[in-house]
Every structure is written in structure tokens, then in C-alpha cells.
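Peer 1: What shape does this take:
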Amino acid sequence: MVTPRPSTDQVWAWLDAVPDPEIPVISVVDLGIVRDVEWGDDELQITVTPTYSGCPATSVIALDIQTALAEHGIENVSLKTQIAPPWTTDWLSDKGKARLKDYGIAAPNSAKGPECCPHCGSKDTERVSQFGSTPCKAQWRCLSCLEPFDYFKCI
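Peer 2: Reported below is the predicted structural model:
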């Protein structure tokens, strides 16, 4: 008996459970880096756009995607890295933005910086450094609650 292959909707749901290795509260789907899922003849083809071309997590993400799919019985996977068009923070899902905030990371708002402190909601914030815990984040501080926080830079 031949087992029917899973639908692309099912594969998207499985990929939505794969966390970003640098920000584990957000999935690679909510981050917007999984661009396409489609079946070839007997191969599942996944297209991924890294947040930036030098992202050190790219190989880990590819391995995590392959491992997650193998756990669901999909062994023949082709991962394609697509850098054009480049990833943008506009590709973050609303669910992903909410998870970032709950985790204490201000979601991208504009080139001017975060809308408010993810801890207390104050708009009284200042940038401490253009670079945070990863290259795609900047370090900010709330002047009301005095807590530091990362801001996911707009790209």
C-alpha cells in the first residue's frame, strides 16, 4: 500500500513548529523566511530566504527543517536558498510580532526605532547600541522601567 504524501498545507503546519534558532519563540514560518513549499515528482522542495545573506543561523535552520520533516516521514527534501528578493521585516506574521513582544523583543516598527518598551509599554526609550544579541537586532533601554531590550531592526 502506498502512503499518500502530505499536502503542502500539512507541511506548512509542520514547518510552523520549527523554531528560529536565534529567537526560539518564533517559528521559521512566522519569521517569514520559508517562502515556498511544493512537491516535485518525488521530492519536497522548500525555498528559504535568510534574514540577511550572511546570517550564521542559515545552516542550522536548514538542518532543523530537514529534521522536522524527517520526523514526519519525509526524507527526500530539497532546500533552496533564495536571496532575491531580499527578506524584509514586512514578512513577519502578526502572530510572530506578538510572540516577539511577549518574549521581550520589540517588533520592527520603523527605521526610527521601537514603538514602545515590550516590558512596560512606555514610549520613553533610547537606543544603546545599533547591535544587539544578533546582527538583526539593536539594543535599546526603557527610560521608565529601566529594562534593556532588543529591537528587531527594520530591513
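
Peer 1: what is the rounded mean pLDDT of stretch 7-14?
Peer 2: The average pLDDT within stretch 7-14 is 97.

Peer 1: Of all the residues in that stretch, which ones are buried?
Peer 2: V11, W14 (16 or more other CB atoms under 10 Å). In this view, the C-beta of every residue, glycine as well, is placed from N, C-alpha and C.

Peer 1: likewise stretch 60-74?
Peer 2: In stretch 60-74, counting by 16+ other CB under 10 Å, buried: I61, A62, D64, I65, Q66, A68, L69, I74.

Peer 1: In the helix or strand that contains E126, which residues have enough neighbours to count as buried?
Peer 2: Secondary structure assigned from DSSP states H and E places E126 in strand 125-129. Within strand 125-129, the residues that qualify as buried are T125, counting by 16+ other CB under 10 Å.

Peer 1: Pull up the pairing partners for it, direction included.
Peer 2: strand 137-142 (antiparallel) (DSSP bridges).

Peer 1: what does the strand it pairs with contact?
Peer 2: Here strand 137-142 makes contact (CB atoms under 8 Å, 6 or more residues apart in numbering) with 105-106, 113-114, 117, 119-120, 122, 124-133, 147-153.
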